[in-house]
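Asker: how would this look folded up:
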Amino acid sequence: MNEIINAIPEYVITAVVSTAIYFGFKYTQNLIHTKVLHAKTVQSKELWSFIEQVAITAVNSLVSKNITGDAKFAQATSIVQDALAKQGFTNVDVKAIESAVQSAYEKSPLTPTSNEKPYVFKNLEQSKQDKPKVQDNVNNTQPVEAK
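Answerer: Below is the predicted model:
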């Protein structure tokens, strides 16, 4: 009987330590899982940033070439694919590369936004030129059109 009473604290200590180890492993597992997800997110963000930079460079380098827009788009897409392959990123979707090239084209200050000339209302411009400017006497601020 004495042996059983002396063994009870050992069993309790063993159970407490085993429970602490189990919950410690679960917490560590969740922590590692969270860190892995964070690392993948950061890696993906850096990859997208790299794709954008390469796409912008490719689009800007092709602006002055005398080829069609479709040929420029295809060439810029292949430039981005080659740059990614050289860096070891072979699992990037072609649609993602194409959208990055399109976005770079739209953001580029070197590419024209429209081929149309702005329309000028000639009657409005002539009427403004016909009226002389008169200095306003209220605080001498801005010239106003004569009535």
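Asker: contacts, neighbours, all on C-alpha from now
Answerer: OK.
Asker: now do the strands in the protein.
Answerer: Along the chain, the stretches classed as strands by DSSP state E are 133-135, 143-145.
Asker: which neighbouring elements make contact with the lengthiest helix in the chain?
Answerer: Taking DSSP state H as the criterion, the chain has its longest helix at helix 2-62. With contacts taken as 3 or more CA pairs under 8 Å, 6 or more residues apart in numbering; DSSP states H and E, helix 2-62 sits against helix 69-87, helix 94-107.
Asker: out of those helices, nearest to residue 9?
Answerer: helix 69-87 (60.4 Å; CA to CA).
Asker: output the contacting helices and strands for that closest one.
Answerer: Checking 3+ CA pairs under 8 Å, 6+ apart, helix 69-87 ends up next to helix 2-62, helix 94-107.
Asker: which of these sits closest to residue 79?
Answerer: helix 2-62 (6.5 Å).
Asker: so for that closest one, what's the average pLDDT?
Answerer: Averaged over helix 2-62, pLDDT sits at 91.
Asker: what's the angle from it to helix 94-107?
Answerer: 50 degrees (axes from the mean of the first three to the mean of the last three CA atoms, to 10 degrees).
Asker: now the angle from helix 2-62 to helix 69-87?
Answerer: 140 degrees.
Asker: distance between helix 2-62 and the chain's centre?
Answerer: Its chain's C-alpha centre and that of helix 2-62 lie 27 Å apart, by CA atoms, centre = their mean, to the nearest Å.
Asker: out of the helices and strands packed on helix 69-87, the one nearest residue 88 is which?
Answerer: When the helices and strands packed on helix 69-87 are compared (using CA to CA), the closest one is helix 2-62, at 11.0 Å.
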